[in-house]
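Trainee: Sequence below, structure please.
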Amino acid sequence: MAQSTQKQGVKLVQIVESLFPDSLEALEPIANIVLTPAYRSAGSALAEATLQEVENLAGGYEQATPEQQIALTMLASMEIMSALALTVSAEEPTISRDWVTPEGVVHVDVNYAGTVLIINATMPTGGSIQLVGADADSQSSRPEAGMLTLAQTAPVIGNAYSLEVSLDDDCQRPLRFSVMVLELSES
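Mentor: Got it, this is the predicted structure:
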């Protein structure tokens with residue numbers, strides 16, 4: 001648990017360090033505060049409290065102190081990382097995400113059924129999905145809007161797979177999700 005928190009802290013510092021080059025020495029202590037278990041356990045209450053803090057800032061984000069801006073940026077980064085992480089297990093075999101793009105909503109479903117990992121992506125336009133991992137490299141594409149499906153037989157428990165979602169009409173970089181199957185005791 002402590003090692004996981006340390007890895008999260010390092011990741012948060014790496015994400016925001018280019019945004020706050022004059023405050024590098026403050027990043028790690030602020031990351032430790034943001035990652036404190038009491039802070040994290042509140043879940044949606046944390047999001048509400050963060051929103052309330054932003055609303056309480058007289059001039060908004062721009063008027064916040066550098067430390068407040070760092071903390072808010074780290075909290076936003078954690079939310080984004082969480083939204084891009086798709087974790088399933090035998091206990092919780094299904095997870096879904098909707099991601100709004102300029103072309104429309106991309107809907108991703110990940111299902112773990114016994115020994116098969118099934119990924120369905122409903123695309124607002126033509127595009128492709130690709131699953132890459134140590135034991136996987138599969139792709140599916142279509143020229144128009146609709147559903148794409150990939151299946152990975154016998155996914156390696158605990159290994160991260162990269163799911164890349166690309167839209168044909170989108171000039172943006174592909175969306176990259178992290179997909180992982182966990183054992184029962186880890187979820």
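
Trainee: these two touch, right, residue 90 and residue 112?
Mentor: Yes: proximity of residue 90 to residue 112 meets the contact threshold set by C-beta atoms under 8 Å, at 6.9 Å. In short, each C-beta sits where N, CA and C put it, glycine included.

Trainee: The two - which one has more neighbours?
Mentor: More crowded of residue 90 and residue 112, by other C-beta atoms under 10 Å: residue 112, with 24 against 14.

Trainee: and that one, what helix or strand is that in?
Mentor: Secondary structure from DSSP states H and E places residue 112 in strand 104-113.

Trainee: try residue 119
Mentor: strand 116-123.

Trainee: Given that strand, what are its sheet partners and their directions?
Mentor: strand 104-113 (antiparallel), strand 146-153 (antiparallel) (DSSP bridges).

Trainee: which parts of it are buried?
Mentor: By neighbour count with 16 or more other C-beta atoms under 10 Å, strand 116-123 contains the buried residues 117-121, 123.

Trainee: hmm, back to that, quick one, which of the strands paired with strand 116-123 gets closest to residue 62.
Mentor: Smallest distance to residue 62 across the strands paired with strand 116-123 (C-beta to C-beta): 30.4 Å, for strand 104-113.

Trainee: Buried residues in the closest one, which are they?
Mentor: 106, 108-110, 112.

Trainee: My guess is residue 179 contacts residue 118. True?
Mentor: No: Residue 179 is not in contact with residue 118 according to C-beta under 8 Å; the separation is 10.9 Å.

Trainee: that older thread, so what angle separates the directions of the helix or strand just after the strand holding residue 119 and strand 116-123?
Mentor: Moving toward the C-terminus from strand 116-123, the next helix or strand (DSSP H and E) is strand 127-133. Computed by axes from the mean of the first three to the mean of the last three C-alpha atoms, to 10 degrees, the angle separating strand 127-133 from strand 116-123 equals 150 degrees.
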